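>>> Here is a sequence with its predicted model. Questions after.
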Amino acid sequence: MSLLKRLWVSVVSVMLIALLGTLALNILSARDYLEQQLYAQGNDGAAGLALSISQHGADAAMTELLVSALFDSGHFASVRYLDLARRVVVERSNPIAAPGAPAWFVSLFPLRAGTGSAEVSDGWKQAGSVEVTATSGFAHASLWRASVRLAGLTLILAAALGAVMTLLVRWINRSLSGMVEQAAAIGEGRFVTAVESDVPELKVMSRALNTMVGLVASMFSEQAARIEKLRDAANRDTLTGLPSRSYFMGRLREAVDVEAASESGALLLVRMNDLAGLNRRRGRLYADECVRKLADTLRAFVQERPEMVAARLNGSDFALLAPACDRAAGETLAARLTVACSAFRQTDLSDADPVAYVGGACYTRTEPAADVLARADAMLAQGEAGRPAVAQAGSGADARARVKTPDQWQALLDRAVKERSFTVSPYPVVAPDGRLIHYELMLRLTTNGSAVTAAEFVPMAIRLERIAEVDLIAVELALDEIAGRGDPAAVNLCGVSLRQPGFIERIVALLRSRRELTERLSLELGERSLSDDEGMSLIGRLSAGVAPFGCRLGIDQFGRHFSAMPRLYEAKIDYVKIDGSFVADVDANPGSRHFIEALVQVARSLGIATYAEHVSTEAERSTLVALTIDGMTGPAVTRHQ
């Protein structure tokens, strides 16, 4: 039994004992009073009868008549007339009390009526005496009625006090429950600040808990900050703040290996001219400032198109990856970079001429990353020779190009949504021991016998506001896949869809209609959904909506918003998939290895599983297994299977 229940039972028991004791005392007091009244009634009756008999000279016939008259009044149990020798001359008695009280009550609270007596005289001499005993039946009836009324009042008071105690216990329980929930939340990794209790004794405790929550939250924030610094140290250049070579190579490998990436793009290389000479002539601080200025220039290009990635490859070499960029756009980008760098001479940041060389190459998805880098490096060499250029994509680029106008995309998407002309391709996500976790389903749009990947049509679906319908179709296809294969499956949803009115409700309705399949379904959202409070709120709403159906919820391409981990726990996220750019070359990059290890430990303490994406080599797979990752996906995982 809980402490509060024991308190409630104890207080109520004490109240009942007090009330029952009060009831008993009142009944006993009333009984004593009634006994005195019965004795007084007997005395009065005896005095009146003695006086009446004395007035008639103790005539025997009249005496008997007077005794009978007094007895017949019904208020006396016994009336006797005795002579001087104490012999009974006339007697009338009825030991049976008048009805009006239950027998058990009469036996429990008996009334002992005293016998009243008076002397009878005949002239100046004593003729005898009378003894009168009042009946207790009417007194018992009166005592019973009073007791019933008192018991009813006692019960009402007991019920009222019980209700007050119940409210009091609930009031205390609310304060205690809040503190219990707060303590449990701390153990689960959630930092909840509770309202301080109104109870002075509990207020001190709740204030101490709030202080502890603040300390633990600050400790977690410090830990998150250290892990983010660890991530930055492993993946960012310390001088410029741009991503490092290892991180950039991971992003380049994703761009050409991952199906969800754009079908084509451009890679630009920028090499500062004579950086070592500038360092000798003007000093290290001057050269560093020039390097930082070039980094700021590249960062400005990235701000124009957030999907682009800029990085510092080594001392004087920089790179800019531009997905969904054709050769003409790449040449325009290279020209803009050249002009921006030439402005360094005007501000006296560099005395080299030219300030930097630019070269690049277009690429297509599935083209080896090494080939793309080699072709871009060759164009950079031409740029150093005075012939800057951007090379064409590798073989098959023309066949893969699908340049469409917005109107063509509109017609294609309208037809695809209407005809449900979408398919999914499964890719396994497995545990380190080889157990299948689920299949990740990649959505494709089929048209004219060919398949268009999600990287091609999803941006246009977002722009044309058709993405919510596409995502609903994707969930339907995932449920069909589960029904057909019987294996768990995961499907990606676009964060933009969550912002469409009624989308979450439509997802819930779809899951309700196929309830028998939903426990094997996982829904995933990209990490960009965590970028603002509205996105986190929508994720929480989606989580609450799908939780009754047993669906799992995951975050894809995770790693840049590590500080959102506690909020992911509050939203009941089941797993995160670590972005492939952090996984690339993890076996050879100690910084990435330490970052993933820390991320796995923090996520596991919050009950969130961690899966690694785009595992390409056996060395990466083995390293991730040693880091106790919960699951993996990618070419190396498929080959190992």
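Here it is on my side, so go on. Residues are numbered from 1 along each chain as shown.
>>> part of a strand, is Pro426?
Yes. The assignment for Pro426 by DSSP: H, G, I helix; E, B strand; the rest coil puts it in a strand.
>>> which residues does the closest residue to Asp83 other than its chain neighbours contact?
Nearest residue to Asp83, sequence neighbours excluded (C-beta to C-beta, 6 or more residues apart in numbering): Gly128, at 4.6 Å. From N, CA and C alone the C-beta is placed, and that goes for glycine too. By C-beta atoms under 8 Å, 6 or more residues apart in numbering, the residues touching Gly128 are Ile53, Ala58, Tyr81, Leu82, Asp83, Leu84, Val89, Glu119, Val120.
>>> How is the protein divided into domains?
Domain assignment of the chain by automatic domain parsing yields the ranges 3-160, 188-235, 238-399, 402-640.
>>> of these, which approaches Glu181 most closely?
domain 188-235 (7.3 Å; C-beta to C-beta).
>>> Run a quick neighbour tally on Asp407.
8 (other C-beta atoms under 10 Å).
>>> oh sorry, the question was meant for Thr347
9.
>>> Put the alpha carbons of the host helix or strand of Leu278 into CSV.
Using DSSP states H and E, the element containing Leu278 is helix 275-282. In CSV, the C-alpha atoms belonging to helix 275-282 read as follows (Å, rounded to 0.1, in the frame of the first residue of the first chain):
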residue,chain,number,x,y,z
LEU,A,275,50.0,30.6,-51.1
ALA,A,276,53.4,29.6,-49.8
GLY,A,277,55.0,32.6,-51.5
LEU,A,278,52.4,34.9,-50.0
ASN,A,279,53.2,33.5,-46.6
ARG,A,280,56.9,34.2,-47.1
ARG,A,281,56.4,37.7,-48.5
ARG,A,282,53.7,39.1,-46.1
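>>> Pull the distance from the following helix or strand past that helix to the chain's centre.
Downstream of helix 275-282, the first helix or strand assigned by DSSP H and E is helix 284-304. Helix 284-304 has its C-alpha centroid displaced from the chain centroid by 43 Å (C-alpha atoms, centre = their mean, to the nearest Å).
>>> Show me what helix 284-304 is packed up against.
strand 264-272, helix 275-282, strand 309-312, strand 317-323, helix 327-346 (3 or more C-beta pairs under 8 Å, 6 or more residues apart in numbering; DSSP states H and E).
>>> Now with 7 Å, please.
helix 275-282, strand 309-312, strand 317-323, helix 327-346 (3 or more C-beta pairs under 7 Å, 6 or more residues apart in numbering; DSSP states H and E).
>>> Pull out the buried positions in the last one.
Buried positions in helix 327-346, judged by neighbour count with 16 or more other C-beta atoms under 10 Å: Arg327, Gly330, Glu331, Leu333, Ala334, Leu337, Thr338, Ala340, Cys341, Phe344.
>>> For Met165, state which of these is nearest.
Leu333 (76.9 Å).
>>> same question for stretch 169-177, mean pLDDT?
For stretch 169-177, mean pLDDT is 72.
>>> wait, I meant stretch 457-477
89.
>>> what sits up against it?
With contacts defined as C-beta atoms under 7 Å, 6 or more residues apart in numbering, stretch 457-477 is touched by 409-410, 413, 417, 420, 422, 424, 443, 445, 491, 493-494, 496-497, 500, 503, 506-507, 510.
>>> What about those, which are in helices?
Here DSSP state H is the test, and the contacts of stretch 457-477 give Trp409, Gln410, Leu413, Val417, Val496, Ser497, Phe503, Arg506, Ile507, Leu510 as lying in helices.
>>> Quick one, which of these are buried?
Buried among these by 16+ other C-beta under 10 Å: Trp409, Leu413, Val417, Val496, Ser497, Phe503, Arg506, Ile507.
>>> roughly how far apart are the fifth one and Val424?
Ser497 sits 17 Å away from Val424 when distances are taken as C-beta to C-beta, to the nearest Å.
>>> can you point me to the longest helix in the protein?
helix 3-55.
>>> Now do the next helix or strand after it: which elements does it pack against?
Sequence order places helix 60-72 as the next helix or strand after helix 3-55, per DSSP H and E. Counting contacts by 3+ C-beta pairs under 7 Å, 6+ apart, helix 60-72 packs against helix 3-55, strand 76-82, strand 88-93.
>>> Comparing the ones you listed by mean pLDDT, which bottoms out?
Across the helices and strands packed on helix 60-72, the lowest-scoring stretch is helix 3-55, with a mean of 79.
>>> between that helix and strand 88-93, how many degrees?
Per axes from the mean of the first three to the mean of the last three C-alpha atoms, to 10 degrees, the angle that helix 3-55 makes with strand 88-93 is 140 degrees.
>>> I'd like to know which helix or strand in the protein has the lowest mean pLDDT.
Ranking every helix and strand in the chain by mean pLDDT, DSSP states H and E puts helix 397-400 at the bottom, with a mean of 40.
>>> Model confidence at Tyr575, what's the number?
pLDDT recorded at Tyr575 is 94.
>>> Determine the three-state secondary structure at Ser117.
Classified using three-state DSSP, Ser117 is strand.
>>> The residue lying closest to it once chain neighbours are set aside: how many residues sit nearby?
Excluding the flanking residues, the one nearest Ser117 by C-beta to C-beta, 6+ apart is Glu131, at 4.9 Å. When neighbours are counted by other C-beta under 10 Å, Glu131 registers 19.
>>> For Glu131, give me its contacts.
Glu131 sits in contact with Ala46, Arg80, Leu82, Thr115, Ser117, where contact means C-beta under 7 Å, 6+ apart.
>>> what does Tyr427 give?
By C-beta under 7 Å, 6+ apart, the neighbours of Tyr427 are Tyr439, Glu440, Met442, Thr633.
>>> What residues are bridge-paired with it?
Glu440 (DSSP bridges).
>>> quick one: it and Ile437, what's the gap?
Taking C-beta to C-beta, one finds Tyr427 at 12 Å from Ile437.
>>> now do Leu242
As judged by C-beta to C-beta, Leu242 and Ile437 stand 35 Å apart.
>>> Who has more neighbours out of these two?
Using other C-beta under 10 Å as the criterion, Leu242 and Ile437 rank with Leu242 on top: 25 against 21.
>>> my guess is that one meets Asp296, correct?
No. Between Leu242 and Asp296 there is no contact under C-beta atoms under 7 Å: 9.6 Å.
>>> Quick one: neighbours of Ala431, just the number.
For Ala431, using other C-beta under 10 Å, the count is 15.
>>> and it, what is it in contact with?
Counting by C-beta under 7 Å, 6+ apart, the residues that Ala431 touches are Ile437, Asp630, Gly631.
>>> Quick check: of those, which lies closest to Asp257?
Of the contacts of Ala431, the one sitting nearest to Asp257 (C-beta to C-beta) turns out to be Gly631, at 18.9 Å.
>>> on that earlier part again, looking at the domains of the chain, which is closest to Val169?
The nearest among the domains of the chain, by C-beta to C-beta, is domain 3-160 at 4.8 Å.
>>> what pLDDT, on average, does stretch 282-301 get?
Mean predicted confidence for stretch 282-301 is 88.
>>> And it, what's buried?
For stretch 282-301, the neighbour count (16+ other C-beta under 10 Å) marks Arg282, Ala287, Cys290, Val291, Lys293, Leu294, Ala295, Thr297, Leu298, Phe301 as buried.
>>> Just give me how far that stretch sits from the chain centre.
46 Å.
>>> same check, this time on stretch 368-377
Distance, centroid of stretch 368-377 to centroid of chain: 47 Å (C-alpha atoms, centre = their mean).
>>> Show residues contacting it.
Residues contacting stretch 368-377 (C-beta under 7 Å, 6+ apart): Leu252, Arg253, Val256, Leu267, Leu269, Gly359, Gly360, Ala361, Tyr363, Ala391, Gly394.
>>> what about that stretch, average pLDDT?
85.
>>> Can you show me the CA trace of it as PDB?
The C-alpha trace of stretch 368-377 is given here as PDB (Å, rounded to 0.1, in the frame of the first residue of the first chain):
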ATOM      1  CA  PRO A 368      33.200   6.600 -59.300                       C
ATOM      2  CA  ALA A 369      34.100   9.500 -57.000                       C
ATOM      3  CA  ALA A 370      37.800   9.000 -57.800                       C
ATOM      4  CA  ASP A 371      37.000   9.500 -61.500                       C
ATOM      5  CA  VAL A 372      35.100  12.700 -60.800                       C
ATOM      6  CA  LEU A 373      37.900  14.100 -58.600                       C
ATOM      7  CA  ALA A 374      40.600  13.100 -61.200                       C
ATOM      8  CA  ARG A 375      38.700  14.800 -64.000                       C
ATOM      9  CA  ALA A 376      38.200  18.000 -61.900                       C
ATOM     10  CA  ASP A 377      41.800  18.000 -61.000                       C
END
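>>> Cool, thanks, talk later.
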